[in-house]
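# A predicted structure for the sequence below; I have some questions about it.
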Amino acid sequence: MNDPRVNIPEWTVSELSSALKRSIEDNFGYVRVRGEISGYRGPHSSGHCYFALKDENARVEAVVWRASFARMRIKPEEGMEVVVTGRLTTYPGRSTYQIIVESLAPAGVGALMALLEERKKRLAAEGLFDPARKQLLPYLPGVIGVITSPTGAVIRDILHRLADRFPRRVLLWPVRVQGDGAAEEIAAAIRGFNALPADSMLPQPDVLIVARGGGSIEDLWSFNEEIVARAAADSMIPLISAVGHETDTTLIDFVADQRAPTPTAAAEMAVPVRAELIDRVTDVARRAFACWQRGQDARRSELRSAARALPSAEELLNLPRQRLDAAADRLPRALRANAQLHHTALSRIASRLTPQTLRLRLAREDERLISVMRHLGRCLHVARERRRDHYVAIGARLVAGLRANAHAHAVRIGRERDRVRAASERAHRATLARIDRCDAQLERVGQLLGALSYHGVLARGFALVRDGEGRPMHAAAEISPGLKLDIEFNDGRVPAIATGGPASKPVSSAAAVAPRRRRRRDGGEGQGSLF
């Protein structure tokens, strides 16, 4: 009895995988799937993301291509419950089905709040919310940097409030405050203001204001991104966060050096009131002038009291005048006594200085000089003898060393000459062997070239047909009446002119071979086709 399953057509593995892929993609085009992200380890080195979506009963593999990942406002995170939209397909390499995710969104506001709380705990554990790391705002900044949308009402409110309180120079860095890429632009603006050099034409701000109007949690989500929070934490310029209204709270509010409930309040925090400052300075100046006047009056009174207690100038100079008169009376006698003392000392020294004494002193010095010259001559003679002996010994050692060195060099040159001669002989033998191998290889290649050349085919009785320009003709359909031909035989070429086109349609090789195959299956001789 025949089994009907024998007639079932066969499928290859690739055909079956392709059929399943087409079936799943046709029946499940775009789908929305809700589940929890599992196995997410961040983007792959290629930029693609791989993870799984699961619930309490099943799981499905998911893939996010690099281009789709770059456009996502909410990035996937481990354990986050999301709703994804994409195409369902299969991966034949593992016989699994997967979803190609094109968009991703948290599953409700509760999921966003849970994600926000998780980020807040992680950043707080790193110390980004520590009050000790927050900077003090400058009392009167010269330049204020504002990061917000250039078309909204926020920048106009800030400029109006600054003009009312204390006009300052404002640098606006325009960014998007919501939507795809907004978080990256805000973080880049904060880092850009911090990167401005101090000596550039564009001055670095003394304080930064990151501002946005109110909105839903989805609208303000760009300020909850981790990249924005870390950029605000790394800012070396004091930063004021003015995102949303009083009840709106974002991650940048915890990281910023100061939080303002509204953009207008941020402008009020940045600068003082100019009128109040002028009044305060005027009051302080008036009080300082009054204190200075009171001090001057007190010092004037003290000076008058001290002047009354001091003696007059005449009384102060009487005693010095008296001492000067007494010294002037004693000065002539003292001068005469000093001159007498110096005359006596000079006379005593002159009595000891006679010509006989000088002659004796010169004779003693001449004898000492002659003795020193004699001793110096003996010393020079001894030194010359010692130096001559030393040079003779050195010369002898040098001659012996030169002879030994010359002998060593001669021996080494002989060894090197033998090595060069041996290497030359080996190189000569190797060159001859290499030439023999090349000759044999050239002969084999020439034989192979002769075997593969079409001249061998011509020698077996075939002919090569070319057109008038020397191009080979491959088919009869290429020949038209009147075409000049050049037919090459083994022993020469013959010119010819075609008198007609192809006589009949050529029989295909498959049709010609098919009858021979049938004859061989009917019992004909021969090996048959290998295909």
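The structure has been received and is ready for your questions.
# Name the residues linked to the residue lying closest to residue 43 once chain neighbours are set aside by a beta bridge.
Excluding the flanking residues, the one nearest residue 43 by C-beta to C-beta, 6 or more residues apart in numbering is residue 49, at 5.3 Å. Heads up, the C-betas are built off the backbone N, CA and C, glycines and all. Here residue 49 sits in beta bridges with residue 64, going by DSSP bridges.
# Kindly report the same for residue 33.
Counting by DSSP bridges, residue 33 is bridged to residue 84.
# Might one say that it is in contact with residue 58?
No - judged on C-beta atoms under 8 Å, residue 33 makes no contact with residue 58 at a distance of 10.7 Å.
# Any chance you could list residues touching both of those two?
When C-beta atoms under 8 Å, 6 or more residues apart in numbering defines a contact, no residue borders residue 33 and residue 58 alike.
# In terms of packing, which of the two has more residues around it?
Neighbours per residue (other C-beta atoms under 10 Å) separate residue 33 from residue 58, with residue 33 holding more: 16 against 8.
# now that one: how far from residue 48?
In this structure, residue 33 and residue 48 are 18 Å apart, going by C-beta to C-beta, to the nearest Å.
# so what pLDDT did residue 390 get?
pLDDT, residue 390: 92.
# how near is it to residue 380?
According to C-beta to C-beta, residue 390 stands 15 Å off from residue 380.
# just residue 432 next, same as before
Residue 432 sits 76 Å away from residue 380, going by C-beta to C-beta.
# Please apply the same query to residue 292.
Counting by C-beta to C-beta - residue 292 and residue 380 are separated by 89 Å.
# Please, where are all the helices along the protein?
Secondary structure of the chain (DSSP state H): helices at 13-27, 66-71, 109-125, 153-165, 182-195, 226-234, 251-255, 263-270, 274-309, 313-352, 355-452, 454-459, 509-521.
# just how off-centre is the longest one within its chain?
Which is helix 355-452. Here helix 355-452 is found 55 Å from its chain centre; the criterion is C-alpha atoms, centre = their mean, to the nearest Å.
# got it, and the fourth one?
Between the centre of helix 153-165 and the centre of its host chain there is 39 Å, according to C-alpha atoms, centre = their mean.
# for it, packing partners?
Applying 3 or more C-beta pairs under 8 Å, 6 or more residues apart in numbering; DSSP states H and E, one finds that helix 153-165 makes contact with strand 143-148, strand 169-174, strand 207-212, helix 263-270.
# Of the ones you listed, flag the one that's most buried.
Of all those, strand 207-212 carries the top mean neighbour count, a mean of 27, counting by mean count of other C-beta atoms under 10 Å.
# Partner strands of it, with direction?
According to DSSP bridges, strand 207-212 forms sheet pairs with strand 143-148 (parallel), strand 239-243 (parallel).
# could you dump the ones you listed to CSV with distance to residue 67 and mean pLDDT?
As requested, those are arranged in CSV below (distance: least, C-beta to C-beta, whole Å; pLDDT from 0 to 100):
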stretch, distance to residue 67, mean pLDDT
strand 143-148, 28, 94
strand 239-243, 30, 93
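# mind checking which of those is nearest residue 394?
Each of the strands paired with strand 207-212 has some distance to residue 394 by C-beta to C-beta; the shortest is strand 143-148, at 81.8 Å.
# Can you tell me, leaving aside adjacent residues, what's nearest to residue 212?
Residue nearest to residue 212 in three dimensions, not counting chain neighbours: residue 177, with 4.4 Å by C-beta to C-beta, 6+ apart.
# residue contacts, that neighbour?
148, 149, 152, 186, 212, 222.
# and what of residue 40?
Per C-beta under 8 Å, 6+ apart, neighbours of residue 40: 49, 51, 76, 77, 78.
# and these as TSV, adding neighbour count?
Shown next, in TSV, are the contacts of residue 40 (neighbours: other C-beta atoms under 10 Å):
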residue	neighbour count
49	23
51	19
76	20
77	16
78	12
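# So which of those residues belong to strands?
If you go by DSSP state E, the contacts of residue 40 have 49, 51 in strands.
# Could you single out the nearest of the contacts of residue 40 to residue 461?
Among the contacts of residue 40, and counting by C-beta to C-beta, the member closest to residue 461 is residue 49, at 69.6 Å.
# Would you confirm that the closest one contacts residue 77?
No - applying C-beta under 8 Å, one finds residue 49 not in contact with residue 77, separated by 11.0 Å.
# distance of residue 221 from residue 26?
Distance, residue 221 to residue 26, by C-beta to C-beta: 36 Å.
# Quick check on those two: which one has the bigger neighbour count.
Neighbours per residue, other C-beta under 10 Å: of residue 221 and residue 26, the larger number sits with residue 221, 22 against 8.
# separation between the most centrally placed residue in the chain and residue 204?
Centroid-nearest residue in the chain: residue 195, 15.2 Å away (criterion: C-alpha atoms, centre = their mean). Separation of residue 195 from residue 204 (C-beta to C-beta): 9 Å.
# for residue 78, same thing?
39 Å.
# likewise residue 13?
Separation of residue 13 from residue 204 (C-beta to C-beta): 65 Å.
# So the two - more neighbours on which side?
A direct count of neighbours by other C-beta under 10 Å for residue 13 and residue 204 places residue 204 higher, at 18 against 9.
# Nearest spatial neighbour of the more buried one, chain-adjacent residues omitted?
residue 196 (4.3 Å).
# That neighbour and residue 206 touch, don't they?
No - applying C-beta under 8 Å, one finds residue 196 not in contact with residue 206, separated by 11.7 Å.
# intersection of neighbour lists for the two?
Counting by C-beta under 8 Å, 6+ apart, nothing touches both residue 196 and residue 206.
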